[in-house]
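S.K.: build me a model from this:
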Amino acid sequence: MKIAVVAANGRVARKIIAEAVNHGIEVTAFGRHDENNTEAKDYRKKGILELTKEDLQSFDAVVDAFGTWAPESMGLHTTTSQHLADLLTGTNTRLLIVGGAGSLYLDKEHKVQLVDAPDFPDAYKPVANGMAAALAELRKRTDVKWTYVSPAADFQADGARTGKYILGGEEFHTNGKGESVISYADYAIAMIDEIEKGSHVQERISVVAE
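M.R.: The predicted structure follows:
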């Protein structure tokens, strides 16, 4: 299996690449910087919006790990994911998005999102809304094999790799301790499992630590 990871030097991306390499997957990393800070042996300096159909034509899956916190750049979550979707339209290559938790639903009717909760931190609302907008645009597409993977609300960069997680869907969920938490490392496991054996095409899935 061959996958590409774009925005590859980010912290989540690096964990995903490391997990893929551990699984024996051939990884090509695309990043904006000269340095390759990943475990991928094949690193190509190229930003997402510079990528072409030819760049991505040989992969079984493409992982979009783009993220930004700059308020003026929130629209790029949609711009970049739609660009990748345009490149992969009509192909068998899957597009997997490193998403956010803010767009998870709090009700069975799917009207109220986590970002709408009274105690949702104001500092996280811009990025939550930016990622939610990108998901909303992806939902309109039936020409791409996309999957949006939301982490738990408490997404821990330095959390332990336990090797265990609980898979969920559109709704906010917690583990047996009532916690919505997952480490980057366990999220990476869930992402690679979805690439290798998942079938959640044109769906959003979510993961929390067991």
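
S.K.: need the residue closest to the centroid of this protein.
M.R.: V98 (0.9 Å; Cα atoms, centre = their mean).

S.K.: please name the residues that touch the residue lying closest to I3 once chain neighbours are set aside.
M.R.: Distance criterion Cβ to Cβ, 6 or more residues apart in numbering; nearest residue to I3, sequence neighbours excluded, is A61 at 4.6 Å. (C-beta placed from N, C-alpha, C; glycine too.) Under the criterion of Cβ atoms under 8 Å, 6 or more residues apart in numbering, the neighbours of A61 are M1, I3, A4, T93, R94, L95, L96, I195.

S.K.: now, which of the residues you listed sits nearest K125?
M.R.: Within the contacts of A61, proximity to K125 (Cβ to Cβ) peaks at L96, which comes in at 24.8 Å.

S.K.: neighbours of the closest one, how many?
M.R.: Around L96 there are 25 other residues, counting by other Cβ atoms under 10 Å.

S.K.: that one: which element?
M.R.: strand 94-98 (DSSP states H and E).

S.K.: quick one: list the elements packing against that strand.
M.R.: Packed against strand 94-98 by the contact rule (3 or more Cβ pairs under 8 Å, 6 or more residues apart in numbering; DSSP states H and E) you find helix 11-22, strand 61-64, helix 76-88, helix 125-138, strand 145-150, helix 184-197.

S.K.: the third one vs strand 94-98, what angle?
M.R.: Regarding helix 76-88 and strand 94-98, their directions subtend 170 degrees when assessed with axes from the mean of the first three to the mean of the last three Cα atoms, to 10 degrees.

S.K.: so helix 76-88 versus helix 125-138, what angle?
M.R.: Using the same axes, to 10 degrees, helix 76-88 lies at 20 degrees relative to helix 125-138.

S.K.: helix 76-88: how far from the chain's middle?
M.R.: 13 Å (Cα atoms, centre = their mean, to the nearest Å).

S.K.: that one packs against which elements?
M.R.: helix 53-56, strand 61-64, strand 94-98, helix 125-138.

S.K.: wait, what's in contact with L104?
M.R.: Contacts of L104 (Cβ under 8 Å, 6+ apart): Q113, L114, S150, E170, E171, F172, S206.

S.K.: residue contacts, A13?
M.R.: V5, V6, A7, A29, T38, V63, A65, V98.

S.K.: again, but for G47
M.R.: F30, R32.

S.K.: can you check G90 too?
M.R.: So G90 contacts D143 (Cβ under 8 Å, 6+ apart).

S.K.: distance check, it against G163.
M.R.: According to Cβ to Cβ, to the nearest Å, G90 stands 36 Å off from G163.
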